[in-house]
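Q: Next come a sequence and a model predicted from it.
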Amino acid sequence: MATLDFYTSSYFDNSSVVPLSPSKYVAPTYVLVLSIASCCLSLIGIFCIFVFYVAIVTIRNYIRKLLIFLTIANLIHVLGIIIGIVRYMLLEFTDKKYQKETQVCLFQSVVVSFAPCSSFFWTVFIAIYFQVQVLRPSWAHKLSSKQATVTYHVVSWGVPGLTCILALFFKVFGNTEDIFTGPWCWIKTNQERKTAILWMILTVKGWELLSYLVLAEVLVFVVYKTSILPRCLRRRGGQYLEIHDSSLQTSTGLRRGDKNFVFIWLIFYVLRFAGTFRFLLHVTYGPLHKQMIITDRVMLAWQAFGDTAQAFANFICLCVFDRVIRQHYCSRLSRNYSNNDHVANNGGEQGINT
């Protein structure tokens, strides 16, 4: 495979379709390292989220159940990126060309289109449920019913699956070379520019932008109603605060530690920002100017880590920073330590007695 740096390569012509050819774009080493590190950290986070949910009964409320479904989507995404990394490294760092490289690229394109889109839907459903639990707890039972759960599954798995089937039918999956997203396949860019951008929007980016809007509404409204408004009412007088408190019912479906969900949506913006920024640059400007190359390199490194780091961020915010989970395992460690110390002391006393 040719070792041509992808920043010096030109974008495809808008008026013609370039014949399919092997990729000539080489991933920088830091992109591979960051992608591998992100995948490994997310796998650790996914494993811990599953284990904690099974082991600790007191955290098993409905919003944590939705988190498990989101984590499954994150797992599929991470596995898809790992497949792409392995495929790229086999092509780039070995002399052998394996025959099924095209099929692997196609399969990996489907996975990295399906899984992120599904994770967006689960993230949005979690945000809507959280907002209802905080502001209108009386409506929460409707959003946690069996019918609602079935609807979540149909939408979160069905819509991404349908878009992937349509993309397969129109044969748009393949090497994403001209906007080089990393050592993985997605929408092939050796086709008409408008067609490639349209399918990028339909498969991933459109749903991602929509999720940004929903999460922004949830964050603004929840933070305003629960934090900003009470502070303003305290300054005006206690009677206004009492009226506000009576209208803001206490949710019984959320735990104290579930308030950290607000932070994972903020982190979601941070992690996904670079990929969205690079996509918008591609749509708006096409070929990058020389002044933008350094910015694009920084954003590429950011994207390589952030695109698959959602599960790790969820683990940090919702497990490490959850007091119940920390106390559960700290108490177990202290009991084990005390038991071992007790056994050691008894053994020492027996030795003295003998």
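A: Good, I have the coordinates.
Q: Against Leu162, how distant is Lys142?
A: 26 Å (CB to CB, to the nearest Å). Just so you know, the C-beta spots here come from the backbone N, C-alpha and C atoms, and that holds for glycine as well.
Q: where do the helices sit along the chain?
A: Per DSSP state H, the chain carries helices over the ranges 29-55, 62-93, 101-135, 140-143, 146-169, 193-200, 206-223, 229-236, 238-247, 261-285, 290-306, 310-315, 323-353.
Q: hey, least reliable of those helices by pLDDT?
A: Among the helices of the chain, helix 238-247 carries the lowest mean pLDDT, a mean of 46.
Q: Return the most buried member of the helices of the chain.
A: helix 310-315 (a mean of 25; mean count of other CB atoms under 10 Å).
Q: how about that one as PDB, C-alpha atoms only?
A: This file holds the C-alpha atoms of helix 310-315, laid out as PDB (Å, rounded to 0.1, in the frame of the first residue of the first chain):
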ATOM      1  CA  GLN A 310     -18.800   7.100  25.600                       C
ATOM      2  CA  ALA A 311     -18.800   3.800  27.600                       C
ATOM      3  CA  PHE A 312     -15.700   4.800  29.500                       C
ATOM      4  CA  ALA A 313     -17.200   8.200  30.300                       C
ATOM      5  CA  ASN A 314     -20.400   6.600  31.500                       C
ATOM      6  CA  PHE A 315     -18.400   4.300  33.700                       C
END
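Q: residues in contact with His156?
A: Actually, residue 156 is Ser rather than His. Residues near Ser156 by CB atoms under 8 Å, 6 or more residues apart in numbering: 69, 73, 118, 121-122, 125.
Q: So which of the helices of the chain is nearest Asn175?
A: helix 101-135 (6.5 Å; CB to CB).
Q: Report the central residue of this structure.
A: Gln310 (3.4 Å; CA atoms, centre = their mean).
Q: any idea how far that one is from Ala148?
A: From Gln310 over to Ala148 (counting by CB to CB), the distance is 23 Å.
Q: mind putting the contacts of Ser156 in TSV, distance to Asp296 included?
A: What follows is these, written out as TSV (distance: CB to CB, whole Å):
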residue	distance to Asp296
Phe69	34
Ala73	28
Ser118	28
Phe121	29
Trp122	30
Phe125	33
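Q: what's the closest of the residues you listed to Val262?
A: For the contacts of Ser156, the nearest to Val262 is Phe125 (15.7 Å; CB to CB).
Q: May I ask you to confirm that the closest one is in contact with Ile63?
A: No. Judged on CB atoms under 8 Å, Phe125 makes no contact with Ile63 at a distance of 9.8 Å.
Q: show me what contacts Ala140?
A: Neighbours of Ala140 in contact, by CB under 8 Å, 6+ apart: 129, 132-133, 251, 253.
Q: Quick check: of those, which lies closest to Leu266?
A: Scanning those for proximity to Leu266, where the rule is CB to CB, the winner is Tyr129, at 17.6 Å.
Q: Nearest spatial neighbour of the closest one, chain-adjacent residues omitted?
A: Leu143 (5.2 Å; CB to CB, 6 or more residues apart in numbering).
Q: what does Phe125 give?
A: Tyr152 (5.1 Å).
Q: how close does that neighbour sit to Trp139?
A: 16 Å.
Q: How confident is the prediction for Asn260, by pLDDT?
A: 87.
Q: Please name the nearest non-neighbouring residue to it.
A: The shortest distance from Asn260 to any non-neighbouring residue, by CB to CB, 6+ apart, is to Cys317 (4.7 Å).
Q: residue contacts, the one you found?
A: Cys317 neighbours (CB under 8 Å, 6+ apart): 260-261, 263-264, 267.
Q: and of these, the nearest to Glu208?
A: For the contacts of Cys317, the nearest to Glu208 is Ile267 (14.8 Å; CB to CB).
Q: so what's the closest one closest to, chain neighbours aside?
A: Nearest one to Ile267, counting by CB to CB, 6+ apart, is Ala313 at 4.5 Å.
Q: from what I can see Ile128 touches Val214, true?
A: Yes. Counting by CB under 8 Å, Ile128 does reach Val214; the two are 7.3 Å apart.
Q: I'd like the helices of the chain laid out as a markdown table, including distance to Ile187.
A: What follows is the helices of the chain, written out as a markdown table (distance: least, CB to CB, whole Å):
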| stretch | distance to Ile187 |
| --- | --- |
| helix 29-55 | 19 |
| helix 62-93 | 14 |
| helix 101-135 | 7 |
| helix 140-143 | 34 |
| helix 146-169 | 8 |
| helix 193-200 | 5 |
| helix 206-223 | 12 |
| helix 229-236 | 44 |
| helix 238-247 | 48 |
| helix 261-285 | 11 |
| helix 290-306 | 15 |
| helix 310-315 | 21 |
| helix 323-353 | 40 |
